[in-house]
Structure formats: structure tokens, C-alpha cells
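*Asks:* Give me a 3D structure for the following:
(one chain, ligands or ions: 1)
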Amino acid sequence: PTRRSSDLLVLVLLRDITEARRVEAMRADFVAFASHELKTPLASLSGFIDTLRGHAKDDPEAREKFLTIMADQALRMRRLIEDLLSLSRIELREHVRPSDPVDLLGVVSDVADGLTPVAEQSGVEIGMTAPAGLSKVLGDRDELAQVVQNLADNAIRYGRSGKRIEISLEPAEKSGRPFIRLTVRDYGPGIAKEHLPRLTERFYRVDAAASRARGGTGLGLAIVKHIVNRHQGSLQIESELGRGSAFSVLLPVAPDPSGRR
Ligand code: ADP
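*Replies:* Okay, the predicted model is just below:
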């Protein structure tokens, strides 16, 4: 039979690019934020260089003072760049599941040891609790150390008025599968409810000036969130104003090599 023009078939292809657009916009925002965060210490450095070349040239006392501030600003830029690099490294691997059995208690002990000087300086005691014979988790040791480090850093940084922080490990379960729950708790000022859902966004801070003054980059919890996602775990934040905060991470238990759980 001959085909009539009314039989003409038209194929319409519709593609929803909302998500792609959203990701693009987020990326542009992120670059703008990161540049802005770097610009401030850079401007301060340039300003002091001019001052040192100019009227502070022959004033050793002023020079010393300015050099201290400059070293601080340079450190801030370095921290920011390190956090940006770590974030992009983790993002690249986000869809590759880590596969090593990791002794989380060993990780926590190492991080706590490393933090002892900072804790002492801040007048904070670090407590640790874990039951004997805890299973290993499936993970990437360095990334898990970073999770513990970032959470404990924050607990000391923002919760120092509570005088102590606690890092605990315990067995847990989710959808019938075994997990380990890592909790970092502080007894500081806590965080108002409206901020909780946004804390893991890049550069989101409750108080930007307080964060910067304490050496924060605004990326610590974003890094934690990415690492936890890569481990197919979950992050939960609980906080009450005046009482402190608890950040809990669930991590999957590594399969027993003997085939049993
Ligand atoms: P930062 O580098 O600013 O610490 P983070 O991503 O680690 O960035 O944390 C984001 C913000 O969450 C912080 O600026 C701070 O306002 C808040 N925050 C994080 N941990 C705590 C805590 N333990 N107690 C109170 N506020 C916290």
C-alpha cells in the first residue's frame, strides 16, 4: 500500500535538563565561593607587602607584627587549598566503593593521639569508648581518619566551652545489615535547628567570622558527607542549644573473611 502523508511518523525526543542545569549552577557557585574565600587572605597579604615596602620598612616592631599576620593568612590559604583538593579527590572516587577491612578503633585512637596537643591547648579532654571485639568496617583508612579528624576538630573548635568531647563506637543495624556507629559528641553551645539541614553544604557556616577565627574553611563537613556517601554510610547530626552536639556516622561492617558475620 502506498503511504499517505497523513501517516508520517514523528519522533519527539524530550530530555529533562533541569538536573544538569542545577549541577552546572552549583559548580559555578562553588567556584565563585572558593575564589572569594581565597581572595580575602590574598588581598590582606598584598596589602601587608605594600606596607612592609613602604612606611613599615624601617620599623622592626611593626615588621614582626605584620609578618605574623601574613603567616596566618598564608596558612589560611593553604588550609583552604588542601580542603578543596581533598574534596575533589573524594568526589572523583565517590562511585567506587572502598573495599578494605578497617579497624575503626585504631583509626580513632591515632586521630585522638594526634589531637592531644590541640585539645590540651584548648582545655578540652578527649574521651573514648568502644566495646571489646568490635567488627571491622569496610572502608578506606585515610578517608575514615579524615572523618574522625574533621568531626573531632569541630567538636574541639566549637565546643571547647564544654571542656570535654567524647568519641564512641558501637555496633548498630540498618535495614537488617550490620553497621558500626561512630559518634563524636561535644558539650558546647550547640547548633540551632534551622542550621542542621544545611551544615554539610560547602562553605555553609553558622557564624562565618567565628569559623575563620578558629581556622575553619567551611568545607570540613562537606568532606565528611562525601566520604560517608562513598562508604554507603549515613551521617546524622543532633544538637540542642546550650547542651552540645552529636555527629554520628554509620559505616557498614566488613564481611567476615571466614564467611560468617
Ligand atoms: P568549618 O571549617 O567552618 O568548621 P565545617 O563544614 O566543618 O566548616 O562546619 C560548618 C559549620 O558548622 C561551622 O562553621 C560551625 O558553624 C558549625 N559546626 C560544626 N561543628 C560544630 C559543633 N561541634 N558545634 C557547633 N557548631 C558546629
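*Asks:* which element is the one residue in the stretch 1-150 of the chain that gets nearest to the ligand on?
*Replies:* Here the residue of the stretch 1-150 of the chain nearest the ligand is N150; by Cβ to the nearest ligand atom that distance is 5.9 Å. Quick note: C-beta positions are derived from backbone N, CA and C, even for glycine. Assigned by DSSP states H and E, N150 falls within helix 141-159.
*Asks:* re earlier: dump the residue contacts of the closest residue in space to the residue of the stretch 1-150 of the chain closest to the ligand that isn't next to it in sequence.
*Replies:* Excluding the flanking residues, the one nearest N150 by Cβ to Cβ, 6 or more residues apart in numbering is G220, at 4.2 Å. Contacts were defined as Cβ atoms under 8 Å, 6 or more residues apart in numbering; by that measure G220 touches D83, N150, D153, N154.
*Asks:* Was I right to think the first one contacts G216?
*Replies:* Same thing as D83. No: here D83 lies out of contact with G216, judged by Cβ atoms under 8 Å, at a distance of 9.7 Å.
*Asks:* picking that back up, the contacts of G220 into a markdown table, with extra columns for neighbour count?
*Replies:* Listed next are those as a markdown table, based on neighbours: other Cβ atoms under 10 Å:
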| residue | neighbour count |
| --- | --- |
| D83 | 21 |
| N150 | 22 |
| D153 | 18 |
| N154 | 23 |
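*Asks:* now these in CSV, with pLDDT?
*Replies:* As requested, the contacts of G220 are arranged in CSV below (pLDDT from 0 to 100):
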residue, pLDDT
D83, 95
N150, 97
D153, 96
N154, 97
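*Asks:* can you pull out the strands in the stretch 101-250 of the chain?
*Replies:* Listed in chain order, the strands found in the stretch 101-250 of the chain under DSSP state E, counting those that start in this stretch are 125-129, 137-139, 164-174, 177-186, 234-240, 244-252.
*Asks:* can the ones you listed go into JSON lines with extra columns for mean pLDDT and mean neighbour count?
*Replies:* Putting the strands of the stretch 101-250 of the chain into JSON lines (pLDDT from 0 to 100; neighbours: other Cβ atoms under 10 Å) gives the following:
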{"stretch": "strand 125-129", "mean pLDDT": "97", "mean neighbour count": "14"}
{"stretch": "strand 137-139", "mean pLDDT": "96", "mean neighbour count": "25"}
{"stretch": "strand 164-174", "mean pLDDT": "97", "mean neighbour count": "17"}
{"stretch": "strand 177-186", "mean pLDDT": "97", "mean neighbour count": "21"}
{"stretch": "strand 234-240", "mean pLDDT": "97", "mean neighbour count": "16"}
{"stretch": "strand 244-252", "mean pLDDT": "98", "mean neighbour count": "22"}
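*Asks:* now for those strands, which one comes closest to E24?
*Replies:* When these are compared by Cβ to Cβ, strand 234-240 sits nearest E24, at 25.9 Å.
*Asks:* Quick check: which helices or strands does that closest one pack against?
*Replies:* For strand 234-240, the elements it packs on are helix 220-230, strand 244-252, judged by 3 or more Cβ pairs under 8 Å, 6 or more residues apart in numbering; DSSP states H and E.
*Asks:* give me the low-pLDDT residue ranges for the stretch 1-150 of the chain?
*Replies:* Judged by pLDDT under 70, the stretch 1-150 of the chain has its weakly predicted residues at 1-6.
*Asks:* what residues does it put near the ligand?
*Replies:* By the rule Cβ under 6 Å from any ligand atom, the part of the stretch 1-150 of the chain lying against the ligand is N150.
*Asks:* try it again with 8 Å
*Replies:* Contact residues, the stretch 1-150 of the chain versus the ligand (Cβ under 8 Å from any ligand atom): D83, N150.
*Asks:* Please apply the same query to the stretch 151-261 of the chain.
*Replies:* By the rule Cβ under 8 Å from any ligand atom, the part of the stretch 151-261 of the chain lying against the ligand is 151, 153-155, 157-159, 184, 186, 188-191, 195, 199-200, 202, 204-208, 210-212, 214-224, 239, 244-245, 247.
*Asks:* how about the nearest residue to I191 once chain neighbours are set aside, what does it touch?
*Replies:* Across the structure, with Cβ to Cβ, 6+ apart as the measure, the residue nearest I191 apart from its sequence neighbours is S239 (4.2 Å). For S239, the residues meeting the contact criterion (Cβ under 8 Å, 6+ apart) are G190, I191, K193, L196, S245, A246.
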